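Engineer: Next one to model:
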Amino acid sequence: MNNTAGTGSHWFSLNPDRAWGEKFFLCYIPVWITLFAAWSTAFDGGNRGDVATLAFGLVIALPLLLVPALVAPANGLKWYESYWLKANLFIFIVNFSGNYFVSEYFFDVLGMIYYYPNLHWTADAALLGLFLTDLCTHVTGTL
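Structural biologist: Model (predicted):
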């Protein structure tokens, strides 16, 4: 094996824009997990509804767009060329497609049943689950 100086494995991308995005998404993981844990335990009695669940998902997902838009270094790139925006668009497309189309597989083919007596919207989880699964996908290493 030819092992030359300067080569090897790196924890983050050598591209500074991508490395910043990777570090930000990694640092946000404990934040959203803590918020979600607090939300889940505080409302265990089932007194939250559709609008509150959707709003909560939006509130904890918005920092994935707003924080990088406000504080990410430009590195000579236009905002639409930045890694954080491309990553978020990719995650949005994957999550929307999965929530809207693939959820039928779990509900109909596998007979999966989720019972939330306080939620009434039936958009095949595309609307209610979009922001929360967006966070999960960031965690599972899609980026």
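Engineer: What is the lengthiest helix in the chain packed up against?
Structural biologist: Identified as the longest helix of the chain according to DSSP state H is helix 16-42. With contacts taken as 3 or more CB pairs under 8 Å, 6 or more residues apart in numbering; DSSP states H and E, helix 16-42 sits against helix 50-61, helix 63-71, helix 83-97, helix 130-139. In this view, the C-beta of every residue, glycine as well, is placed from N, C-alpha and C.
Engineer: And the third one, what's buried?
Structural biologist: Along helix 83-97, these residues count as buried under the neighbour rule (16 or more other CB atoms under 10 Å): 83, 84, 85, 87, 88, 91, 92, 95, 96.
Engineer: number of nearby residues for residue 28?
Structural biologist: Residues near residue 28, counting by other CB atoms under 10 Å, number 18.
Engineer: Could you measure from it over to residue 36?
Structural biologist: 12 Å (CB to CB, to the nearest Å).
Engineer: swap in residue 15?
Structural biologist: Distance of residue 15 to residue 36, given as CB to CB: 30 Å.
Engineer: ok, those two, which is more surrounded?
Structural biologist: Under the criterion of other CB under 10 Å, the comparison of residue 15 against residue 36 puts residue 36 first, with 16 against 12.
Engineer: Hmm, the more buried one is touching residue 59, no?
Structural biologist: No. Checked against CB atoms under 8 Å, the pair residue 36 and residue 59 is beyond contact range at 10.8 Å.
Engineer: Helix, strand or coil: sort out residue 77 for me.
Structural biologist: State at residue 77, reduced to three classes by DSSP: H, G, I helix; E, B strand; the rest coil: coil.
Engineer: again with residue 48
Structural biologist: Following three-state DSSP, we place residue 48 in the coil state.
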